[in-house]
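Asks: Below: sequence and its predicted model.
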Amino acid sequence: MWTNPGNGGKGKRIVSYNLIFMGWDRAIPGREPAAGQLFQEVVQYLAGQQQAGKIESFEPVLLSPHGGDMNGFILIRGDSTNLNALQATPEWLEYVTRGGLLLQGSGQVRGATGDLLMQWMAAWTQSMPG
């Protein structure tokens, strides 16, 4: 958590997270059908979350072959409170757990974009010595 550097790092939080980045490398050999089914379930689940107003949007991305260790990801956008709630649901825990069993290099991380990104950068530059 970053805090306002002008008050010695105490007080009001000025940076939060407004996205979840969920990425993966590839399906574990022999588990491709189950991994494909999981992808469809997650996309369907997120569409329902978006329709219910619990997330702002989501965008699945598949990358072209490039020799690297990331071949796809989903960006999920929403306010920090709603994303916290999403990650606390039993459904989310199930999807993340199944992803770990079916996909190489699967993981998720929170991040910031848009106005929050600018807040992060402002706090970062203000924290630099000199």
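Replies: Arrived safely.

Asks: where along this structure do the strands fall?
Replies: 19-24, 26-27, 57-62, 72-77, 103-104, 107-111 (DSSP state E).

Asks: of all these, which gets the most neighbours per residue?
Replies: strand 19-24 (a mean of 21; mean count of other CB atoms under 10 Å). Using the backbone N, CA and C atoms, a C-beta is placed for each residue, glycine as well.

Asks: who does that strand pair up with?
Replies: Here strand 19-24 has these sheet partners by DSSP bridges: strand 72-77 (antiparallel), strand 107-111 (antiparallel).

Asks: how about the CA coordinates for the helix-or-strand element of the chain with minimal mean pLDDT, as CSV?
Replies: Least confident helix or strand of the chain, by mean pLDDT, DSSP states H and E, is helix 115-127 with a mean of 87. Once non-C-alpha atoms are left out, helix 115-127 reads as follows in CSV (Å, rounded to 0.1, in the frame of the first residue of the first chain):
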residue,chain,number,x,y,z
ASP,A,115,-6.1,7.6,-13.5
LEU,A,116,-4.8,5.2,-10.8
LEU,A,117,-1.7,4.5,-12.9
MET,A,118,-1.0,8.3,-12.9
GLN,A,119,-1.4,8.3,-9.1
TRP,A,120,1.1,5.5,-8.8
MET,A,121,3.5,7.3,-11.0
ALA,A,122,3.1,10.6,-9.1
ALA,A,123,3.7,8.8,-5.7
TRP,A,124,6.7,7.0,-7.2
THR,A,125,8.3,10.2,-8.5
GLN,A,126,7.6,12.1,-5.3
SER,A,127,9.3,9.3,-3.3
